[in-house]
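> structure for this input, please:
(chains A and B)
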Amino acid sequence: MIAIQLPTALRTFTDGLSDVNVEAATVADALLQLTQQYADLQRHLFDETGKLRSFVNVYLNDEDIREFQGVDTVLKNGDTLMLIPAIAGGVR
Amino acid sequence: MKTNGTVPLAREELTRYSRHLILPEVGYEGQQKLKDSRVLVVGTGGLGSPVDLYLAAAGIGTLGIVDYDVVDETNLQRQIVHGTRDVLRPKTASAKDRLEDTNPYINVEVFDTYLTSKNALEIFKSFDVIIDGTDNFATRYLINDACVLLDKPNIYGSIFRFEGQTTVFHHQNGPCLRCLYPEPPPPGLVPTCSEGGVLGVLPGIIGCIQANEAIKILLNIGESLSGRFVLFDSLKMKFRELKLRKDPHCPICGQNRTIHELIDYEEFCGLKKPKDLEPVDSLEAVDLKTLLDETPAAVQIIDIREPHEVAMGTLPNSKYIPFGQVVRRKEEFNPDVLNVFICKIGVRSELAIRALKDAGYTGKLANLKDGTNAWARDIGDNIVVY
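Have a look, this model is predicted:
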């Protein structure tokens, strides 16, 4: 089982859930399961060509997946994925 | 960092800073370094407030503050450098008064202006450290690029609702914002704080971390947050630390740089209308009122605000489907009527319409221009501007 952790900014699309568990072999597979379950997330994570958006970083445990094989990174049971989108707020 | 240390600390300053002076990591020499330092704080809002106050109190010799805005009543829930009597004053003037009261032994340099590609390098060049307390992506990328071009550390903080992010960019050749996020989100995809809300204490916590990092860098003590991305969740009261690495292909700090000067950040952030975006039908509040009065059966209002926002007031006969569920629940829309999407200011509702169209919905959709705030202003009944 892979635990996907979502920040507040994305919980709007997951009925407020901060953690979604999926069964997946790769990062791409895990994100696919997530967006199939929560269709509204799709355009927030991927662009029109299906590429992961460049303002959303995915961390496998505490390391950016770009340091591994990106979305092709292989997962093992018990791994945690964190989605970290850029936020801009400083609150004027 | 310049440490000429030519101006001795006055007797009054020795008393004032005594708790610093007895710290071996600071001491007389360190305090004099702080006095000789110049720190620029961009934004005098939620993050800038605690940064300004603590750095002033700590005796940073020159604090530069940049803001173009005036103090608004809705700021006071979190922008603690300003007071009730300052409402409608320029934020920089309000902050300067307060900071000079906090510490009369410092200089406050005021830049009552928008930070732009034209003035950023000129403003930044005389400062040692830059602190980013802004609220939008365009200015954040501008600050990042200006800091890299001038080789100055950029202390970053950002907040949303109950969560914060902070790190130090471009310190001792560390990673920059573009290494972390090569591009910002297109406008509107991520809700703004005015739509999303923020717990007032949160910028206080993140801003204090930024002030702490500034002092460490100026004194060259401890371990900076460079290369470490700290996430803070105030509800769970958890800090997470993620590794942040320099991107060898970074267009501004990588090996083969393609950016050598400041660019147009509004364009970079997509704030200028892209040409290929299909327009969405929109109508004014008065037109919606007429439709509802004359042909009520042909119109269905879809209120996509979050449940807690609905408490601020509603429009007649609305169907509630939160923004985050419109695609998943597209079967619930009646294709035989005009579905008018509404939110607070008309931005999320437009995005919801685009999301539905992208997902293949073909029924009639329209957007209420300027949202429920326009309805509250022009029609008025049962709802307030918020």
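
> got the residues of chain A near chain B?
Applying CB under 8 Å from any CB of the partner chain, we find that chain A lies next to chain B at A:7-9, A:12-15, A:38-40, A:42-44, A:53-55, A:57, A:59, A:62-64, A:66-67, A:82, A:84-92. Backbone N, C-alpha and C define where each C-beta goes, glycine included.

> shaky segments in the stretch 51-200 of chain B?
The model of the stretch 51-200 of chain B has pLDDT under 70 over residues B:188-196.

> give me every residue in it lying close to chain A.
Contact residues, the stretch 51-200 of chain B versus chain A (CB under 8 Å from any CB): B:69, B:75, B:78-79, B:132-137, B:140, B:157-163, B:165, B:180-185, B:189-193, B:196, B:198.

> please convert the buried members of those residues into PyMOL selection syntax.
With 16 or more other CB atoms under 10 Å in any protein chain shown as the burial test, the buried ones among those are selected in PyMOL as follows:
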select buried, chain B and resi 69+75+78+79+132+133+134+135+136+137+140+157+158+159+160+161+162+163+165+180+181+184+185+189+190+191+192+193+196+198
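
> for residue 73, what are its contacts?
Picked chain A for this. Neighbour list for residue A:73: A:26-27, A:60, A:65 [criterion: CB atoms under 8 Å, 6 or more residues apart in numbering or on different chains].

> my question was about chain B, not that one.
For residue B:73, the contact set (CB under 8 Å, 6+ apart) comprises residue B:87.

> next, the nearest residue in space to residue B:383 that is not next to it in sequence: phi, psi?
Spatially, and ignoring its direct neighbours in sequence, residue B:383 is nearest to residue B:313 (2.9 Å; CB to CB, 6 or more residues apart in numbering or on different chains). Torsion angles at residue B:313 (phi, psi; degrees, to the nearest 10) stand at phi 130, psi 160.

> likewise for residue B:200?
Dihedral angles (degrees, to the nearest 10) for residue B:200: phi -60, psi -30.

> checking the residue nearest to it when sequence neighbours are not counted next. Helix, strand or coil?
Using CB to CB, 6+ apart and skipping the chain neighbours, the partner closest in space to residue B:200 is residue B:78 (3.7 Å). Three-state assignment for residue B:78 (DSSP: H, G, I helix; E, B strand; the rest coil): coil.

> got the contact list for residue B:372?
By CB under 8 Å, 6+ apart, residue B:372 lies in contact with B:305, B:312-313, B:315, B:342-344, B:383.

> ok, now with 10 Å
Residue B:372 makes contact with B:285, B:303, B:305, B:309-310, B:312-315, B:318, B:342-346, B:349, B:379, B:383-386 under the criterion CB atoms under 10 Å, 6 or more residues apart in numbering or on different chains.

> so which strand or helix has it?
Assessed by DSSP states H and E, residue B:372 sits inside helix B:371-378.

> contacts only, for the nearest residue to residue A:81 once chain neighbours are set aside.
Nearest residue to residue A:81, sequence neighbours excluded (CB to CB, 6+ apart): residue A:4, at 4.8 Å. By CB under 10 Å, 6+ apart, residue A:4 lies in contact with A:10, A:14, A:17-22, A:24, A:27, A:30-31, A:33-34, A:58, A:79-83.

> in terms of helices and strands, where is residue A:4?
Using DSSP H and E, residue A:4 sits in strand A:2-5.

> quick one: distance of that strand to the chain centre.
Its chain's average C-alpha position is 8 Å from that of strand A:2-5, according to CA atoms, centre = their mean, to the nearest Å.

> so residue B:108 is in contact with residue B:66, correct?
No: Residue B:108 lies out of contact with residue B:66 (CB atoms under 10 Å); the separation is 11.7 Å.

> residue B:29 is in contact with residue B:20, correct?
No: counting by CB under 10 Å, residue B:29 is not a contact partner of residue B:20; they are 11.0 Å apart.

> biggest helix in chain B by residues?
Secondary structure of chain B per DSSP state H: the longest helix is helix B:201-219.

> can you pull the contacts of residue B:198?
A:89-91, B:46, B:77-78, B:159-164.

> residue B:378 versus the spatially most central residue of chain A, what's the distance?
The centroid of chain A falls nearest to residue A:83 when counting by CA atoms, centre = their mean (4.1 Å). From residue A:83 over to residue B:378 the distance is 39 Å, taken as CB to CB, to the nearest Å.

> please apply the same query to residue B:221.
58 Å.
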